[in-house]
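Student: Build the 3D model from these lines:
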Amino acid sequence: MAHVIRSRGLVEARRLKVDADRVEFVEGGFLGKKKFTFNQIDCVLMSPQHELSFQVGKEVFSIPTKPYKAKHQAAIDALVQGVRRSAGDAATF
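Tutor: You can find the predicted model right below:
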C-alpha cells in the first residue's frame with residue numbers, strides 16, 4: 001500500500017509517495033519526478049514548521065506536512081521505517 005503526501009502551493013505542486021520498496025518525489029510536474037530506494041536516503045528531517053525533508057547525495061527534497069492528518073503521518077512513518085530498515089539497527093532519527 002502506498003502512502004502519499006500532496007502539497008499544492010501558489011507556484012508548484014509537490015507529491016511524496018512511499019511504497020514498500022521505494023520513494024517517489026514529484027516537484028512541479030511529470031518532468032520533476034525522481035525515484036529512490038530507501039538505502040539511497042542519507043537523512044530524514046522534520047522542521048518545527050512541519051516540513052519533511054530527506055537527503056539523497058547532495059540533493060535535499062522537502063514537502064510541507066500536516067501532522068494532524070492521518071495520511072500524512074502514515075507516509076512519514078513509512079518513510080522513516082523504510083530508511084531504518086535499509087540502514088539496519090544502527091540508524092537513529
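Student: tell me the contacts of the residue nearest in space to the middle of the chain?
Tutor: Per C-alpha atoms, centre = their mean, the C-alpha nearest to the average position across the chain is that of L16, at 5.3 Å. By C-beta atoms under 8 Å, 6 or more residues apart in numbering, the contact set of L16 is V4, I5, V23, E24, F25, L52, F61, I63, A75, L79. In short, each C-beta sits where N, CA and C put it, glycine included.
Student: State the helix or strand in which it lies.
Tutor: strand 13-18 (DSSP states H and E).
Student: Tell me the strands beside that strand, with direction?
Tutor: strand 3-8 (antiparallel), strand 23-27 (antiparallel) (DSSP bridges).
Student: Looking at the ones you listed, which one is packed in the most?
Tutor: strand 23-27 (a mean of 19; mean count of other C-beta atoms under 10 Å).
Student: show me where pLDDT drops low in this protein?
Tutor: 10, 29-30, 89-93 (pLDDT under 70).
Student: residue ranges of the helices in it, please?
Tutor: Using DSSP state H, the helices of the chain run over 70-87.
Student: just to revisit the earlier point, grab the nearest non-local neighbour of the residue nearest to the centre of the chain.
Tutor: Here the nearest residue to L16 in space, its sequence neighbours aside, is I5; by C-beta to C-beta, 6 or more residues apart in numbering that works out to 4.5 Å.
Student: I'd say that neighbour and F54 touch.
Tutor: No. The criterion here is C-beta atoms under 8 Å, and I5 misses it with F54 at 11.8 Å.
Student: Between those two, which contacts overlap?
Tutor: By C-beta under 8 Å, 6+ apart, no residue touches both I5 and F54.
Student: Can you get me a residue count around the nearest residue to R6 once chain neighbours are set aside?
Tutor: For R6, ignoring the flanking residues on the chain, the nearest one in space by C-beta to C-beta, 6+ apart is R15 at 5.1 Å. Other residues within reach of R15, judged by other C-beta atoms under 10 Å, total 16.
Student: L52 versus R15, what's the distance?
Tutor: R15 sits 12 Å away from L52, going by C-beta to C-beta, to the nearest Å.
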